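1. turn this into a structure:
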Amino acid sequence: MKRINLLIITIFVLGITLEILPQANFSTSLHATRKGKVHWYNKVENGGAGGFEVFTNVPITQLGCVECHDAVDANGNQYPPTYTPGCVDCHATNSTWAVTQDDCLGCHSREKTIINMQLPDVHRSRGFTCMTCHKKEEIHGDNGVAYNSMFDPGAIQADCSNSGCHAGFTHPNPGVDPHGGKLHCTSCHAQTNLACYSCHFESQVQTHLKRPYKQITGFIFLVNRTKDNKVHPATFQAITYEGKAGIAFGPSVAHTIVKTGARTCTDCHANFGGTIPAIQDFNSDGIIKFATWNTADSTLSWHQGIVPLPANYQTALKMDYLTYNGNVSDPVQPSKNWSVVKDVADMFQIMFCTPLTKQQMAKIGMDTTLVSVEPINDQIPTSYSLYQNYPNPFNPSTTIRYSLPKSSFVELKIYDGLGNLIQTLISEHLNAGNYEVQFNGTNISSGIYYYQMKAGEFTSTKKLVLIK
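-> Just a heads-up that it's a prediction; the model follows:
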């Protein structure tokens, strides 16, 4: 009997131990590495994608960003001055190790703001929490891949089309979705996005205070997501620092999904009779002035509804970038003590997405005669980028796009799963600019392949799938 009791106790203790042991690949997860902010902000030579550091010249280690965390851990204890990300960030070790919604929202402030604004979401109204869609395999980094960003293909597994969600869903009325799968569900069903408008970067640098003019909603930028080459919502982060302005765009799904009341044709197509302020603005002079500062009453107004990111966005998209006129140590609260720095950004960063093409602009009623080919082709990228091929999976050919911020010797090669070289697509010196190349897989078998780009100190590898 004693042996049986001892066995039961051993199994019980072992079960608890196995449950609370750190996940084997947690060290590679974004929750552990915190690489997302570094990749987004840093210069290319500092391991980033060519973000705001390009014009601020302030290392991210001086901003308090990488060290950012909730005020207390999941046990309710204050964090020490220095710490290593671990289980207690999310799991209360003094209870059942369950993760609560508040544990997630303590760090994911954008989603917390959306909830606090009481913006409706059909999933939340049905009792969904973060963990309903974002499974532990994704959070713990179970696949062992160290991603640069949550937007890297494979980093976030949650998607509308997943099994158990809306896999294989088609509208019962084909006229509701005439896009042939080229439009992501959220382009119609996300009610709004959210952006921190014109962050005062001096406050971040000197006092580690996040000071935007305000958080704005009521709009959705439309881009092409490189992950699947579908039209997808995007949002932005805009900052000003020492008289300069920068803006970064990326695909984003604000958790404001509606089942009924989704966008219809006239919400996006001016040529179908829709009244879309951003398109009307563009068609008047070839410029979208997204946001305007009203000097008379010190308020900001901005376009509501969809805002297409035009092919020549670097010259066609403007907004009033603001700076705070008070002290960097002032409490962060609503204030009219702001003024305009400029309405043209010194730096654009477009990550994991591309602007709408001229053809797409024409399809929604934008006057593309106002877009010359030369503003588009002459735009110099701010960073090296290798984009996800499209289509993917493919048969037999696919397009690979890449960007060069300066003249560089470029190599772009295809490898099989064993690392064997299949084909060299590019091996030459190229000027700064945006490029694309076709890869034809007619003479190779179905399977998973990899394409790698090297340019200067930049190296990036992505996966492509050939299905015959």
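2. confidence score at residue 173?
-> What the model reports as pLDDT for residue 173 is 69.
3. same check on the one 10 residues further on?
-> Looking at residue 183, its pLDDT is 90.
4. is it true that it touches residue 230?
-> Yes. In this structure residue 183 lies within contact range of residue 230 using CB atoms under 8 Å: 6.2 Å. Every C-beta, even on glycine, is put in place using the N, C-alpha and C of the backbone.
5. who has more neighbours out of the two?
-> Using other CB atoms under 10 Å, the more surrounded residue of residue 183 and residue 230 is residue 230, with 19 against 16.
6. which stretches of the stretch 251-400 of the chain have low pLDDT?
-> Filtered on pLDDT under 70, the stretch 251-400 of the chain yields the residue ranges 372-374, 376-379.
7. mind listing the strands for it?
-> In the stretch 251-400 of the chain, the strands defined using DSSP state E, counting those that start in this stretch lie at 288-289, 291-294, 299-302, 305-308, 317-318, 321-324, 338-342, 347-350, 353-354, 385-386, 397-404.
8. save these as JSON lines, and put in mean neighbour count and distance to residue 126 too.
-> Shown next, in JSON lines, are the strands of the stretch 251-400 of the chain (neighbours: other CB atoms under 10 Å; distance: least, CB to CB, whole Å):
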{"stretch": "strand 288-289", "mean neighbour count": "21", "distance to residue 126": "36"}
{"stretch": "strand 291-294", "mean neighbour count": "16", "distance to residue 126": "34"}
{"stretch": "strand 299-302", "mean neighbour count": "15", "distance to residue 126": "31"}
{"stretch": "strand 305-308", "mean neighbour count": "22", "distance to residue 126": "26"}
{"stretch": "strand 317-318", "mean neighbour count": "22", "distance to residue 126": "37"}
{"stretch": "strand 321-324", "mean neighbour count": "23", "distance to residue 126": "39"}
{"stretch": "strand 338-342", "mean neighbour count": "17", "distance to residue 126": "40"}
{"stretch": "strand 347-350", "mean neighbour count": "21", "distance to residue 126": "34"}
{"stretch": "strand 353-354", "mean neighbour count": "22", "distance to residue 126": "29"}
{"stretch": "strand 385-386", "mean neighbour count": "22", "distance to residue 126": "38"}
{"stretch": "strand 397-404", "mean neighbour count": "20", "distance to residue 126": "38"}
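9. turn those strands into JSON lines, including distance to residue 151.
-> Listed next are these as JSON lines, based on distance: least, CB to CB, whole Å:
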{"stretch": "strand 288-289", "distance to residue 151": "24"}
{"stretch": "strand 291-294", "distance to residue 151": "24"}
{"stretch": "strand 299-302", "distance to residue 151": "24"}
{"stretch": "strand 305-308", "distance to residue 151": "20"}
{"stretch": "strand 317-318", "distance to residue 151": "21"}
{"stretch": "strand 321-324", "distance to residue 151": "24"}
{"stretch": "strand 338-342", "distance to residue 151": "28"}
{"stretch": "strand 347-350", "distance to residue 151": "12"}
{"stretch": "strand 353-354", "distance to residue 151": "8"}
{"stretch": "strand 385-386", "distance to residue 151": "12"}
{"stretch": "strand 397-404", "distance to residue 151": "16"}
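10. what's the closest of the ones you listed to residue 192?
-> strand 305-308 (9.4 Å; CB to CB).
11. mind listing the strands that closest one pairs with, and their directions?
-> strand 219-225 (parallel) (DSSP bridges).
12. average pLDDT for the helix or strand following the strand it pairs with?
-> The helix or strand immediately downstream of strand 219-225 is strand 230-241, counting by DSSP states H and E. For strand 230-241, mean pLDDT is 95.
13. name the helices or strands packed onto strand 230-241?
-> helix 53-56, helix 186-189, strand 195-197, strand 199-200, helix 201-207, strand 219-225, strand 244-251, strand 321-324 (3 or more CB pairs under 8 Å, 6 or more residues apart in numbering; DSSP states H and E).
14. what lies in contact with the second one?
-> What it means is helix 186-189. 160, 220, 222, 230-233, 253, 257-259, 262-264 (CB atoms under 8 Å, 6 or more residues apart in numbering).
15. domain-wise, how is the chain divided?
-> Domain assignment for the chain by automatic domain parsing gives 2-77+100-158+179-378, 384-468.
16. can you give me the helices for the stretch 1-150 of the chain?
-> Counting by DSSP state H, counting those that start in this stretch, one finds helices in the stretch 1-150 of the chain at the ranges 2-20, 30-33, 35-41, 53-56, 101-105, 109-116, 122-125, 130-133, 136-139.
17. picking that back up, so how do I select the buried members of the contacts of helix 186-189 in PyMOL?
-> Selecting only the buried entries of those in PyMOL, with 16 or more other CB atoms under 10 Å as the criterion:
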select buried, resi 220+222+230+231+232+233+253+257+258+262+263
